[in-house]
Each structure stands twice: as C-alpha cells, then as structure tokens.
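With the input below, show me the fold.
(2 chains)
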Amino acid sequence: DARVTQTPRHKVTEMGQEVTMRCQPILGHNTVFWYRQTMMQGLELLAYFRNRAPLDDSGMPKDRFSAEMPDATLATLKIQPSEPRDSAVYFCASGFIGETQYFGPGTRLLVL
Amino acid sequence: AQSVTQLGSHVSVSEGALVLLRCNYSSSVPPYLFWYVQYPNQGLQLLLKYTSAATLVKGINGFEAEFKKSETSFHLTKPSAHMSDAAEYFCAVTNFGNEKLTFGTGTRLTIIP
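Residues are numbered from 1 along each chain as shown, chains lettered A, B, ... in the order given. The predicted structure is shown next:
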C-alpha cells in the first residue's frame, strides 16, 4: 500500500533555529505539494512541484521558507530562521495533474 | 478562478441519523470535485471524487455525493451516521489540466451518541 511519508512527525524548536521537514512522495507521482494547516488559516498551499520543478511558491514567506526536490523520492521544506507564528502542521501530498492528491501524516511543528 | 464554500463549520448529528455536509463551488470550467476526511492528528484522506462521469459518486465508508451543475453543489451524504464518522471534512475543486486543489474551510462533524 503506497503512502506518502513525512519526517519528523513532531518537531519542537526554539525561535531562530532552522527547521527541515522531509517528504517521500508516492513512487511515480509527478506532482508534490506542501501545505500548512492552522486553526486560524485552515489549509494553505505553500508550494508545489511538477516533475521536480517548482511551479508555484507564492504561498510561502520568501524570506524564510524554501522548498526543494533534490530527487524524485525526496522533497524538503526548510524554515530559517523559524518564528513562533510558523507553528502549524505541515503536510506533503503527491499525485498527478487534475487527480487525487495523497496526503502524508504531517509534521507538527512547535516553535517556542 | 475557482472557489469552494462549505456551509457550516460545525455539524452535529445523532448516531444513526442522516449526515449532510454542504459544498458549493464556483468554477468557470467544468470542475473536478473532491471530498476529503481528516481524522484527529492525521493527514487528509480521499473519500470520493467527481471527474465528469456519473453525477452520483459513491465513496468509502458509506458516503456519497451528487454533482448538481444547476445548483453548483456537491453535497456529501451518508444515510446513517456512525461514531467513527466524527472528523473534519473538506471539499475541494480543481479542473482538467490543473494541479492545484482549492480547498474549502472544512466542516467538523460531531456524532452524538
């Protein structure tokens, strides 16, 4: 049963520290998405890739967030420096154009 | 531009009663529509999807949804609620050739014993 995996599942860090979240998409999927979920804002699309190329990162704070796909099996989302307002659950999803997106279990981030 | 409106951020139903979660969409092109469910501390899981075939779509766990173009709606229903249905439900829209899903704000379903 193919699944999207995310690591770490939980992360507690102090303000100013770098945070790296990793995602392994389902093998063969050509689109990868990063979402952020908070109580106040709901589910927000941060960035997405097609065939490893970034297509849209307009949802990300450019000065502190970066998203990359070093290879087809790994997507990363980095926050540097982290701030308390970045506390949220970050989801990765993968799929195909116009098709179902399959979500990972999320990384729950708390920035103190 | 596409958008989704979910009426009712919280819905409570008694166990065994009908579940009805409302979703209205806006799209200038034929839409693809999805319902996802999120259980506590988990990611979103696909319940069902409409991609221009049959207008009545059956999903997992006894849920179904009907695409009504004239009403721009895609409401989610289940004849008899079960305690395990307690979760948050998201409606989403996209279209052919578009990667991005536009999600609604979600409806939290509570089941009353």
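
Please make it C-alpha for all contacts and neighbour counts, starting now.
Noted.

Would you mind measuring from the residue positioned nearest the centre of chain A to chain B?
The residue lying closest to the centre of chain A (Cα atoms, centre = their mean) is residue A:34, at 3.5 Å. According to Cα to the nearest Cα, to the nearest Å, residue A:34 stands 11 Å off from chain B.

Mind listing what's buried along stretch A:20-39?
Residues of stretch A:20-39 classed as buried: A:20-26, A:29-37 (neighbour count, 16 or more other Cα atoms under 10 Å in any protein chain shown).

Closest one of those to residue B:95?
Residue B:95 lies nearest to residue A:31 out of the buried residues of stretch A:20-39, by Cα to Cα, at 15.1 Å.

Nearest residue to residue A:87 in space, ignoring adjacent ones along the chain?
Excluding the flanking residues, the one nearest residue A:87 by Cα to Cα, 6 or more residues apart in numbering or on different chains is residue A:110, at 4.6 Å.

just residue A:60 next, same as before
Closest residue to residue A:60 apart from its sequence neighbours, by Cα to Cα, 6+ apart: residue A:46 at 4.9 Å.

pretty sure that neighbour is touching residue A:34, no?
Yes - Residue A:46 is within contact range of residue A:34, at 5.5 Å (criterion: Cα atoms under 8 Å).

before we move on, back to that, inside strands: which ones of the buried residues of stretch A:20-39?
Judged by DSSP state E, the buried residues of stretch A:20-39 include A:20-24, A:31-37 as members of strands.

ok but residue B:61 is inside a helix, no?
Yes - checked against DSSP: H, G, I helix; E, B strand; the rest coil, residue B:61 lies within a helix.

For it, the count of nearby residues, please.
Using other Cα atoms under 10 Å in any protein chain shown, residue B:61 has 11 other residues around it.

Then residue A:54?
For residue A:54, the neighbour count with other Cα under 10 Å is 16.

Listing partners with orientation, what would you give for whatever helix or strand it lives in?
Using DSSP states H and E, residue A:54 maps to strand A:53-56. Strand pairing for strand A:53-56, using DSSP bridges, gives strand A:42-50 (antiparallel).

Select the helix or strand of chain B having the lowest average pLDDT value.
Using mean pLDDT, DSSP states H and E, strand B:102-103 stands out as the lowest-scoring helix or strand of chain B, at a mean of 90.

quick one, what contacts residue B:8?
By Cα atoms under 8 Å, 6 or more residues apart in numbering or on different chains, the contact list for residue B:8 reads B:21-22, B:107.

if you set the cut-off to 10 Å instead, what comes out?
B:21-23, B:105-109 (Cα atoms under 10 Å, 6 or more residues apart in numbering or on different chains).

Flag the least confident of these.
Among these, residue B:105 carries the weakest pLDDT, at 92.

Just grab the bridge partners of the residue nearest to that one when sequence neighbours are not counted for me.
Leaving aside its sequence neighbours, residue B:105 sits nearest to residue A:42 (Cα to Cα, 6+ apart; 6.1 Å). Residues in a beta bridge with residue A:42, per DSSP bridges, are residue A:38.

Name the residues contacting each of residue A:46 and residue A:34.
Contact with both residue A:46 and residue A:34 is made by residues A:57, A:59-60, A:67, A:77, A:90-92, according to Cα under 10 Å, 6+ apart.
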